[in-house]
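Student: Requesting a structural model of the entry that follows:
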Amino acid sequence: MDVSVIIINYNTFAFTCACIESIVKRTFGLAYEIILVDNNSSERNPNRFLELFPQLILIKSPTNVGFAKGCNLGIESAKGSHILLLNSDTILKNNAIAMTKGFLDEHPKVAVVSSALFFPDGQVQNNCQRFPSIKYSLFEFWRLQKIFPKKIVGKILFGPFFNYQEIAYPDWVWGTFFMFRKQILKELPEKKLADNFFMYVEDMQWCMEFRQLGYSIAFLPDAKTIHYMGQSAGAKSLLMKKNFDFFMRQYYHPWNATLIQWFNKILLFTNG
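Tutor: A predicted model of the protein is given here:
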């Protein structure tokens, strides 16, 4: 088995079905399995997925354990040498799974590779990001992005400054399309993806832990995915703030974290 595709479903039946259909339609040249983890959805009986897609491996969690823990549930049953975490509200536009697996096979020092993500109207999503940093905060504060050429700024700051048309190595990528080798999990502190966050910021945390092991994170523009975004309801802003604060305490010196958050507030005020 080459790739285990893991999808977490929580009351997104129609989107999840469309996601699975796109995998089946556009994935070829490798052996793959689809593992669907249902997080105790109330929308309808998850067995309905098996009626439509009998090839699925369905895992029914008795409670909603969140995104990160749900992914680890799926990984426990995965037989693939590579793992793809794929959001339920995505549709593959091409053979992105084979393309990203091939990229990982050719780049052993890359831990994670993500595809290009697009809104349904074709607008690109900014899934390449930098870790919080005083250096990058100062770069924006002094408006150096208005002085340097756009191509250089894009590779320095990523986010909305990057053009998303070339292979790149950001600090972290969104967990929307998140491909890695299963074997690499054995190198992590807990031998699994960190799952102390219910949802949000876990992708930044995963990339941080891979980066601390000496690996790179990659973005492959030729692999393309539509991402509808925000189809699972939740108190997003509160969870993101809580998790981000924990992330800063976990991976940054207190003074460094304080300065970064102070600069972020100034940037938010001046840009607002």
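
Student: So, low pLDDT: which residues of the stretch 101-250 of the chain?
Tutor: Along the stretch 101-250 of the chain, segments meeting pLDDT under 70 span 230-235.

Student: For it, just list every one of the helices.
Tutor: Secondary structure of the stretch 101-250 of the chain (DSSP state H, counting those that start in this stretch): helices at 134-141, 150-157, 202-212, 236-251.

Student: CSV please, covering the ones you listed and showing distance to P108.
Tutor: For the C-beta atoms, the positions are set from N, CA and C on the backbone; glycine is no exception. Below are the helices of the stretch 101-250 of the chain laid out as CSV (distance: least, C-beta to C-beta, whole Å):
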stretch, distance to P108
helix 134-141, 28
helix 150-157, 23
helix 202-212, 13
helix 236-251, 25
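
Student: looking at these, which is closest to W174?
Tutor: Set against W174 and scored by C-beta to C-beta, the helices of the stretch 101-250 of the chain come closest in helix 202-212, at 5.5 Å.

Student: Report the distance from that closest one to the chain centre.
Tutor: Mean-position distance between helix 202-212 and its chain equals 10 Å (C-alpha atoms, centre = their mean, to the nearest Å).

Student: Okay, buried residues for it please.
Tutor: By 16 or more other C-beta atoms under 10 Å, the buried positions in helix 202-212 come out as 202-211.

Student: tell me the contacts of the residue nearest to L52 when sequence neighbours are not counted?
Tutor: Once flanking residues are discounted, L52 sits nearest to C17: 6.4 Å by C-beta to C-beta, 6 or more residues apart in numbering. With contact set as C-beta atoms under 8 Å, 6 or more residues apart in numbering, C17 has these partners: 49, 52-53.

Student: ok, 10 Å please
Tutor: Contact analysis of C17 by C-beta atoms under 10 Å, 6 or more residues apart in numbering lists 9, 48-49, 52-53, 88.

Student: Would you mind identifying the next helix or strand past whatever helix or strand it lives in?
Tutor: For C17, the enclosing helix or strand under DSSP states H and E is helix 13-26. Toward the C-terminus, helix 13-26 is succeeded by strand 32-38 as the next helix or strand (DSSP H and E).
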